[in-house]
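S.K.: the sequence and its predicted three-dimensional model are supplied below.
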Number of protein chains: 2
Amino acid sequence: MKDVAAIAGVSVSTVSRVINNAIPVGARTRELVEQAIGEVNYRPNLLASGLRSKSGNLIGLAVPEIGHQSFDTFIKYIEEYARANKYGLILGDIQNDADGEADFIDQLIRRNVDGIIFIRVSDESRALEMLNSTTIPYVVLDRGASTATAPTVVMDNHQAGRLAAEHLIALGHRDVACVTGPLNVSLCRDRLDGFTQTVSAAGLRLLRHDIHESDFRFESGVKLVPALLERGPPVTALWAQNDLMAIGIMAGLKDHGLSVPRDVSVIGVDDIVSCRMLRPQLTTVRQPFREMSRAAVELLLRESALGERISEKIAIPTELVVRQSTAPPRDVRSQCQRVLSTVETLKSVAEEVR
Amino acid sequence: MKDVAAIAGVSVSTVSRVINNAIPVGARTRELVEQAIGEVNYRPNLLASGLRSKSGNLIGLAVPEIGHQSFDTFIKYIEEYARANKYGLILGDIQNDADGEADFIDQLIRRNVDGIIFIRVSDESRALEMLNSTTIPYVVLDRGASTATAPTVVMDNHQAGRLAAEHLIALGHRDVACVTGPLNVSLCRDRLDGFTQTVSAAGLRLLRHDIHESDFRFESGVKLVPALLERGPPVTALWAQNDLMAIGIMAGLKDHGLSVPRDVSVIGVDDIVSCRMLRPQLTTVRQPFREMSRAAVELLLRESALGERISEKIAIPTELVVRQSTAPPRDVRSQCQRVLSTVETLKSVAEEVR
DNA sequence: ACGTGTTACGCAATCGTTTTCAGACCATAG
DNA sequence: CTATGGTCTGAAAACGATTGCGTAACACGT
């Protein structure tokens, strides 16, 4: 910067003003300085500027686990919106480790970040209290537990449950079950409420043992299938509170020789990219990743500009994405008919081959 | 820091020495200072320390696209190893946009990062030349093109092609095809070479029109299926150079009423998490994500410590992961047998139902 | 008693910016 | 011609750490 100043024949203050295009600087001078900047290929040092001006144009993002498709989608969009606003993104994987999280937050504080986005803070997290002793803004995306007063962006989880239920009811299902995430996290309860309310308003009964609490993981979906099947009169439709479990359930059903959606319909939540890669493609309730990410970044930047926390709660509406994994419940009579005609076809083919 | 010094009754220099536990500092003094640090809950400012000492303990990661399972897996492990070494990770999504990339690199240079990891630099990338005019170390992971002299970490792509071919040959396939990524990126050529060499060494012929060049995307796999089927004598096995395309092909085959692995075997490369979520589960050649990430971070840190570029090329060995999507080629006679017995079963079931 | 070496610590400069304050310059109005 | 005000620019003090250099204190051998 000193070099630039020397070349342009001005002082460093002026150079600084040109860079941040502050107002009181003459057109001729500005031109001179800009030329000098180009000449030495000068890049202002963000550490120094951050140190002095208290803003390094950097935000932090804490995710529960990198490599989960839904979190990764958030990362993608948050990076996009952050960059669009000239902010850098520093990423941390929490991995369900409260100490690791504390370390990460500590690092962010020490780096003087302009704000922090959390995806789903856990119960044992000390992060928010750490931050409350500072002035650093934060927002919680896809909220977990115990974030009563925090600025928050979520999808409309109640609506999500309702949409799933309405879809199954409209298809004619009378006997449904559901698989939830951990019920100590509020978004799971919200989704469940929306589902059960709609279901019972339609006159169906959702029995206690048809609500299975699980943990959002694919393998858990697979492992749940035997329990699902062993119940007396089988359900004809199943709602999982996220796609990963839904996909697990579909895999498990297939392993047991059952067919989706003929034998049972399956519907999820999220609309991760895998949904379209399966056969049948998964019907699901879309999580508005892009809109949520955008809202989170904007809320954060608003807090940052304002200089104080905005304890706002934003809920983004959802929508149903109908694909191939849901269908009307099977009807024994027509089923039987189909089997018989298939038999005839097969028989003639086989004879011919022989 | 001044406060801490005042409380402990020492100078700031001493406090600094305690923090970086430099050697010449008395045990008693150290204790005093540490106590003072705890008292005011002091956190050293990383911007200031970075500014002065020229190392902010930060590395940059440029990925071609967040949200691709394989890249996300790299992100996960790189974050893990970076953090294990007390480094922060700042993430950028390039999205095939050379200008965006240049912006990101510029930002990193200005932040004085200790190093940069690239996943797959593209052809039009100006990033490497930008960096060559600085002293910032970098390493290229899963290399693309034109990185002749750059420090590089790759999987053993030739071996990957060989393993895939060997597996199919061992199963008894004589008529195979393959779907590649863009052949102007070297790793695709390497994989292909390994495959074709092994195949022809075994006496099979891989015809020119059985090598389909594609672009690593799921949809491309789906769309390729008609072309695959319309060729005269059908192939019995298919190798895709990544899992996403392999999965697309499996979906496309299913859409055309064909069954994997009964009608055709499919094998991929990568071992992304989705492989286990499908039915049939995808047989594949594993990309050693974890090992590669680790090697990249370590190489970077070595360069950083040494203060100069190490133009080393590290190739990590691969392994085959056999799952459900590959099987011996179908045999018309036994196939026919199976159909006949199925017919009998169905018939009796149907009669019973009626 | 003195030189010599070692260890522990403080002073002050420094990293590369931003920002306050004051001064220079010019135009306009009185 | 002088007061007044506005616009532009420069000097210098921060920001919060690290670090080279100097010095006090102490132990040791002579």
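M.R.: Thanks, I have the structure now. Numbering: from 1, shown residues only, chains lettered A, B, ... in the order given.

S.K.: any chance you could map the helices in the stretch 51-200 of chain A?
M.R.: For the stretch 51-200 of chain A, the helices defined by DSSP state H, counting those that start in this stretch occupy A:69-84, A:98-110, A:127-132, A:157-170, A:186-201.

S.K.: go through the ones you listed and name the closest to DNA strand C.
M.R.: The stretch from the helices of the stretch 51-200 of chain A with the least distance to DNA strand C (Cβ to the nearest atom of the strand) is helix A:98-110; that distance is 15.7 Å. For the C-beta atoms, the positions are set from N, CA and C on the backbone; glycine is no exception.

S.K.: looking at the helices of the stretch 51-200 of chain A, which has the lowest confidence?
M.R.: When those are ranked by mean pLDDT, helix A:127-132 comes last with a mean of 91.

S.K.: and it, what other elements does it pack with?
M.R.: With contacts defined as 3 or more Cβ pairs under 8 Å, 6 or more residues apart in numbering or on different chains; DSSP states H and E, the packing partners of helix A:127-132 are helix A:98-110, strand A:115-119, strand A:138-141.

S.K.: relative to B:Leu47, how far out is the residue of the stretch 101-250 of chain A found nearest DNA strand D?
M.R.: Each residue of the stretch 101-250 of chain A has a distance to DNA strand D, by Cβ to the nearest atom of the strand, and the smallest belongs to A:Arg110, at 7.5 Å. When Cβ to Cβ, to the nearest Å is the yardstick, A:Arg110 and B:Leu47 sit 8 Å from each other.

S.K.: what does A:Gln95 give?
M.R.: Using Cβ to Cβ, one gets 27 Å for the distance from A:Gln95 to B:Leu47.

S.K.: tell me which of the two has more neighbours.
M.R.: B:Leu47 (23 against 15; other Cβ atoms under 10 Å in any protein chain shown).

S.K.: per-residue confidence for the more buried one?
M.R.: The predicted structure scores B:Leu47 at 96 on the pLDDT scale.

S.K.: now do A:Met1
M.R.: The confidence metric pLDDT takes the value 83 at A:Met1.

S.K.: mind telling me what element the residue in the stretch 151-300 of chain A that DNA strand D sits nearest to is part of?
M.R.: Closest contact between the stretch 151-300 of chain A and DNA strand D, by Cβ to the nearest atom of the strand, is at A:Leu300 (22.1 Å). Counting by DSSP states H and E, the element that carries A:Leu300 is helix A:289-306.

S.K.: host element of A:Leu238?
M.R.: According to DSSP H and E, A:Leu238 maps onto strand A:237-240.

S.K.: where does the stretch 201-350 of chain A have low pLDDT?
M.R.: In the prediction, the stretch 201-350 of chain A carries residues with pLDDT under 70 at positions A:331-343, A:346-350.

S.K.: sorry, back to before: can I get the helices of the stretch 51-200 of chain A in JSON lines including mean neighbour count and distance to DNA strand C?
M.R.: Rendered in JSON lines, the data for the helices of the stretch 51-200 of chain A read as follows (neighbours: other Cβ atoms under 10 Å in any protein chain shown; distance: least, Cβ to the nearest atom of the strand, whole Å):
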{"stretch": "helix A:69-84", "mean neighbour count": "22", "distance to DNA strand C": "19"}
{"stretch": "helix A:98-110", "mean neighbour count": "18", "distance to DNA strand C": "16"}
{"stretch": "helix A:127-132", "mean neighbour count": "16", "distance to DNA strand C": "23"}
{"stretch": "helix A:157-170", "mean neighbour count": "23", "distance to DNA strand C": "41"}
{"stretch": "helix A:186-201", "mean neighbour count": "19", "distance to DNA strand C": "40"}
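
S.K.: export stretch A:263-271 as CSV, just CAs?
M.R.: Taking Å, rounded to 0.1, in the frame of the first residue of the first chain, the C-alpha atoms of stretch A:263-271 are listed here in CSV:
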residue,chain,number,x,y,z
ASP,A,263,-47.6,-53.2,-1.4
VAL,A,264,-47.0,-50.0,0.5
SER,A,265,-46.7,-46.4,-0.3
VAL,A,266,-43.7,-44.4,1.1
ILE,A,267,-43.3,-40.7,1.4
GLY,A,268,-40.4,-38.7,2.9
VAL,A,269,-39.4,-35.1,3.7
ASP,A,270,-36.5,-33.1,2.2
ASP,A,271,-36.3,-33.8,-1.4
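
S.K.: who in chain A is up against DNA strand D?
M.R.: Taking Cβ under 7 Å from any atom of the strand as the test, the list of chain A residues beside DNA strand D reads A:9-14, A:17, A:23-26, A:28-30, A:48, A:51-52.

S.K.: from these, list just the buried residues.
M.R.: A residue is treated as buried here by neighbour count (16 or more other Cβ atoms under 10 Å in any protein chain shown); on that basis the buried members of the residues of chain A next to DNA strand D are A:Val10, A:Thr14, A:Arg17, A:Val25, A:Thr29, A:Arg30, A:Ala48, A:Leu51.

S.K.: didn't the fifth one look like it was pressed against A:Gly9?
M.R.: No: at 9.2 Å, A:Thr29 and A:Gly9 do not qualify as touching, with contact defined as Cβ atoms under 8 Å.

S.K.: tell me how far the residue nearest to A:Gly194 when sequence neighbours are not counted lies from A:Pro328.
M.R.: With sequence-adjacent residues excluded and distances taken as Cβ to Cβ, 6 or more residues apart in numbering or on different chains, A:Gly194 is closest to A:Gly161, at 2.7 Å. In this structure, A:Gly161 and A:Pro328 are 21 Å apart, going by Cβ to Cβ.

S.K.: next one: A:Gly67
M.R.: Counting by Cβ to Cβ, the gap from A:Gly67 to A:Pro328 is 37 Å.

S.K.: more neighbours, those two?
M.R.: Neighbours per residue (other Cβ under 10 Å) separate A:Gly67 from A:Pro328, with A:Gly67 holding more: 19 against 13.

S.K.: that one and DNA strand D, how far apart?
M.R.: Taking Cβ to the nearest atom of the strand, to the nearest Å as the measure, A:Gly67 falls 34 Å from DNA strand D.

S.K.: and the following helix or strand past the strand holding A:Leu238, what does it pack onto?
M.R.: Proceeding C-terminally, strand A:237-240 gives way to helix A:243-255 as the next helix or strand, assigned by DSSP H and E. Helix A:243-255 sits against helix A:69-84, helix A:218-230, strand A:237-240, strand A:265-270, with contacts defined as 3+ Cβ pairs under 8 Å, 6+ apart.

S.K.: how near is the closest residue in space to the residue of the stretch 101-250 of chain A closest to DNA strand D that isn't next to it in sequence to B:Ile109?
M.R.: Closest residue to A:Arg110 in three dimensions, ignoring its sequence neighbours and counting by Cβ to Cβ, 6+ apart: B:Leu46, at 4.5 Å. With the distance defined as Cβ to Cβ, B:Leu46 ends up 18 Å from B:Ile109.

S.K.: what of A:Arg309?
M.R.: Separation of A:Arg309 from B:Ile109 (Cβ to Cβ): 33 Å.

S.K.: likewise A:Tyr87?
M.R.: Separation of A:Tyr87 from B:Ile109 (Cβ to Cβ): 17 Å.

S.K.: cool, A:Leu58 as well?
M.R.: Separation of A:Leu58 from B:Ile109 (Cβ to Cβ): 15 Å.

S.K.: cool, A:Gly9 as well?
M.R.: Here the distance between A:Gly9 and B:Ile109 works out to 27 Å (Cβ to Cβ).
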